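*Asks:* model the following, please.
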Amino acid sequence: MMRKGTVLSVVLPGLLSVLGYAQAAVPFVSLFPALHARAPDGPQFGVTVNGTDLLSNSVGNRNGSSLATQFTGGSQLAVIGSSMKITARSPVPRALVRPALGRTQISNFQHVVVIVQENRTPDNLFQGLCGSDGTLCPTPYNLQNFGIDNRGNEIPLTEEPLGYAYDPSHTHSAFVAQCHLNPITNQCGMDGLSSANCGTDPKKNKCSFEYVDPTDVQPYLTMAQQYGWANYMFQTNQGPSFPAHQFIFGGTSAPDADSDSQGVFASENAKHASGCAAPAGTTVQLIRPPGVEKKRETIFPCFDHNTIPDILPLGITWRYYAAGPNNVWTAPNAIESICGAEHGKCQGWEWVNDVDVRAKDVLTDIRNCHLRDVTWVTPTGVNSDHPGYNNNGGPSWVAQIVNAIGQSWQYSQGGGVCDYWGANQSGNETAIFVTWDDWGGFYDHEPPTILTQPEGDYQYGFRVPLLVVSAYTPTYVSNNPYDFGSILRFIEQNYGVAEGILTFADQRAANDLTDFFDLQGSPRQFDPISAPLGLKYFLEDNEPQTAPDDY
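*Replies:* Just a heads-up that it's a prediction; the model follows:
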């Protein structure tokens, strides 16, 4: 029996060079439920099942051509058992594939880059947006410089350096305590934290009522002030990094689709290693309605469900950059169909070709014009913003990725020119999202919306920052509600896929982030983001990659 999401391989010897595959069996039909047949810059293909041209009734892709036909229910099975004929059509000139909308207009982005940092809230990391006199908060920036503790006292947030070592708990139980849910209104009181260990002595201060010294995060402040900032971005899950990254990559931390619909999710970090190649005996905690984590209800961290790569149209490429193969931030390692674990290592075809376990390679790939269409970027521990694990490198790390994209027109190498920013040459425009995977246990004043059961026993979590950067993003502060599912919805709509097709967080998300972009306006010229550490520092950094989270 072919599982949902299985890729049906069709032998297409004559088309291999066009599609760019070296293998004889080409992943051609994704039964998820969309049949994708797209070759963006070469010949297009006709797909005929039982004599019917499927592409005559299809939805448009990013270039305006109709190449993704929707199937539902039994028609999926009909495709498996039907007579399929694939024919090459005449090459379509680029001008016809992508309508000439005028130099200043685009229909959508060629590239989407999702940069994920670690363990911060807006109130904790972005107090610098308020200005020296505080007049820019709470309008336009919804930030607060004090919190309410579990005794009802108003506690001023204390300034600490970004590299300060105190690491508050950010497990699900820590969420429950900090939330202090009102069972009648089903809303967090945001007054469950203790201030007993708060003080003015930095060596003794173990307190969640903190904010980061604005001078340590100036590159982040610059991006927020010049591009897009979300006042109401919430992490999808109510817990730490491992489940958060599963939601960012695939819309759920559930072991499978049925578990997601039942409200059963992996809710905590795995211990010491993560994913399908983890040592035998490795487990991750499960949570189920009504928000219960039973001590013995655990599972091996290897899951069987679709993720964003499964629903991308053929020809849309992806890559995931991470600091090592087995840590909790390397989301693809926990997806069975991607990892293909053998002998304690992920060795699947997609893993080998689409997952890069040296984080800094993203910078080299951008400079060499090798940026994939959809990209996730996670850092090393020292560049992660994680308390106690970072050396203040995070803001510079993010700034240099943005700078590499913004300056790619000038500095691209490898024999080609690629304007990933899009102000000087059309065709490679990039939308950049910078977010943080969880709240890290720090105070934030905005209560999250708690979904109804069954998913509501683990969704939504507290606020996390979100920056949106592109040549088509004006200086903009959004008051719309978002979560990680909103990022997935943006990716789906950007490539002509039905929003919510995974039926996970993407389906439950309220918005798709398109309000951050004016695609009919003129592209902005890029101004480099000033940062303490330059591009050369990261390119030449040969220190061993540290794990980017605690276990």
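
*Asks:* residues contacting Ala331?
*Replies:* Going by C-beta atoms under 8 Å, 6 or more residues apart in numbering, Ala331 touches His245, Gln246, Ile248, Phe249, Gly250, Thr307, Tyr320, Trp376. From N, CA and C alone the C-beta is placed, and that goes for glycine too.

*Asks:* next one, pLDDT for the closest residue to Pro161 other than its chain neighbours please.
*Replies:* Excluding the flanking residues, the one nearest Pro161 by C-beta to C-beta, 6 or more residues apart in numbering is Asp213, at 5.3 Å. The model reports Asp213 with a pLDDT of 96.

*Asks:* and for Pro27?
*Replies:* You'll see Pro27 listed with a pLDDT of 34.

*Asks:* show me this protein divided up by domain.
*Replies:* Taking automatic domain parsing as the reference, the chain has its domains at 7-97, 111-121+215-539.

*Asks:* for the longest helix seen in the chain, enumerate the helices and strands it packs against.
*Replies:* If you go by DSSP state H, the chain has its longest helix at helix 394-406. Helix 394-406 is packed against strand 111-117, helix 218-226, helix 361-367, strand 430-436, helix 535-539, with contacts defined by 3 or more C-beta pairs under 8 Å, 6 or more residues apart in numbering; DSSP states H and E.

*Asks:* quick one: strands adjacent to the very next helix or strand once past the third one?
*Replies:* Later in the chain than helix 361-367, the nearest helix or strand by DSSP states H and E is strand 374-377. Here the strand partners of strand 374-377, with direction, are listed using DSSP bridges: strand 111-117 (parallel), strand 318-321 (parallel).

*Asks:* tell me the helix or strand right after the longest one.
*Replies:* Right, the one you point to is strand 111-117. Using DSSP H and E, the next helix or strand after strand 111-117 towards the C-terminus is helix 122-125.

*Asks:* contact partners of the helix or strand following that next one?
*Replies:* Downstream of helix 122-125, the next assigned helix or strand under DSSP H and E is strand 146-148. With contacts defined as C-beta under 8 Å, 6+ apart, strand 146-148 is touched by Asp123, Glu154, Ile155, Pro156, Leu157, Met190, Asp191, Leu193, Phe209, Tyr443, His445.

*Asks:* counting only helices, which of the residues you listed make the cut?
*Replies:* Asp123.

*Asks:* ChimeraX command for the buried members of the contacts of strand 146-148?
*Replies:* In ChimeraX syntax, the buried subset of the contacts of strand 146-148 is picked out as below (16 or more other C-beta atoms under 10 Å):
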select :123,155,157,190,191,193,209,443,445
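
*Asks:* so which of the contacts of strand 146-148 is the closest to Thr283?
*Replies:* Ranked by distance to Thr283 (C-beta to C-beta), those are led by Leu193 at 29.0 Å.

*Asks:* thought that closest one was touching Tyr443?
*Replies:* Yes - using C-beta atoms under 8 Å, Leu193 is in contact with Tyr443, at 6.1 Å.

*Asks:* what bits of the chain have low per-residue confidence?
*Replies:* For the chain, applying pLDDT under 70 flags the ranges 1-104, 200-204, 412-416, 548-551.

*Asks:* what's around Pro481, how many residues?
*Replies:* 17 (other C-beta atoms under 10 Å).

*Asks:* ok, and the closest non-adjacent residue to it?
*Replies:* The shortest distance from Pro481 to any non-neighbouring residue, by C-beta to C-beta, 6+ apart, is to Tyr232 (4.6 Å).

*Asks:* now Asp216
*Replies:* Nearest non-adjacent residue to Asp216, counting by C-beta to C-beta, 6+ apart: Leu162, 3.9 Å away.

*Asks:* of all the helices and strands packed on helix 394-406, which lies closest to Glu293?
*Replies:* The minimum distance between Glu293 and the helices and strands packed on helix 394-406 falls on strand 430-436, with 23.3 Å, by C-beta to C-beta.

*Asks:* check which residues of the helix or strand just after the closest one are buried.
*Replies:* Next helix or strand after strand 430-436 toward the C-terminus (DSSP H and E): strand 466-469. Using 16+ other C-beta under 10 Å as the test for burial, strand 466-469 gives Leu466, Leu467, Val468, Val469.

*Asks:* over to stretch 214-229?
*Replies:* If you call a residue buried by 16+ other C-beta under 10 Å, then stretch 214-229 has these buried ones: 214, 216-224, 226-229.

*Asks:* can you name the two of those that are farthest apart?
*Replies:* The most widely separated members of those are Asp216 and Gly228, with 21.8 Å between them, by C-beta to C-beta.

*Asks:* reformat the domains of the chain as CSV; add distance to Gly131.
*Replies:* Output for the domains of the chain, formatted as CSV (distance: least, C-beta to C-beta, whole Å):
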stretch, distance to Gly131
domain 7-97, 39
domain 111-121+215-539, 10
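
*Asks:* which of the ones you listed is buried the deepest?
*Replies:* Of all the domains of the chain, domain 111-121+215-539 has the most neighbours on average by mean count of other C-beta atoms under 10 Å, namely a mean of 22.

*Asks:* quick one: end-to-end distance for that one.
*Replies:* 22 Å (C-alpha to C-alpha, to the nearest Å).

*Asks:* my guess is Met223 meets Ile529, correct?
*Replies:* Yes - between Met223 and Ile529 there is a contact at 6.3 Å, judged by C-beta under 8 Å.

*Asks:* for these two, list the residues in contact with both.
*Replies:* Jointly contacting Met223 and Ile529 under the rule C-beta under 8 Å, 6+ apart are Ala399, Val402.

*Asks:* state the distance from the closest residue to Ala505 other than its chain neighbours to Gln425.
*Replies:* Of all residues not flanking Ala505 in the chain, Gly485 sits nearest, at 3.2 Å (C-beta to C-beta, 6+ apart). To Gln425, Gly485 is 33 Å away according to C-beta to C-beta, to the nearest Å.

*Asks:* you'd agree Ala257 is up against Asp310?
*Replies:* No - look at Ala257 against Asp310 with C-beta under 8 Å: they stay out of range, at 11.5 Å.

*Asks:* need the residues that contact stretch 211-225.
*Replies:* By C-beta under 8 Å, 6+ apart, stretch 211-225 touches 120, 123-129, 141, 145, 157-163, 392, 395-396, 398-399, 402, 434, 465, 467, 469, 475, 529-531.

*Asks:* and the residue nearest to Ala505, that's in a helix?
*Replies:* Yes - assessed with DSSP: H, G, I helix; E, B strand; the rest coil, Gly485 lies in a helix.

*Asks:* and it, what does it touch?
*Replies:* So Gly485 contacts Thr236, Phe247, Gly251, Phe504, Ala505, Asp506, Gln507, Arg508, Ala509 (C-beta under 8 Å, 6+ apart).

*Asks:* done for today, thanks.
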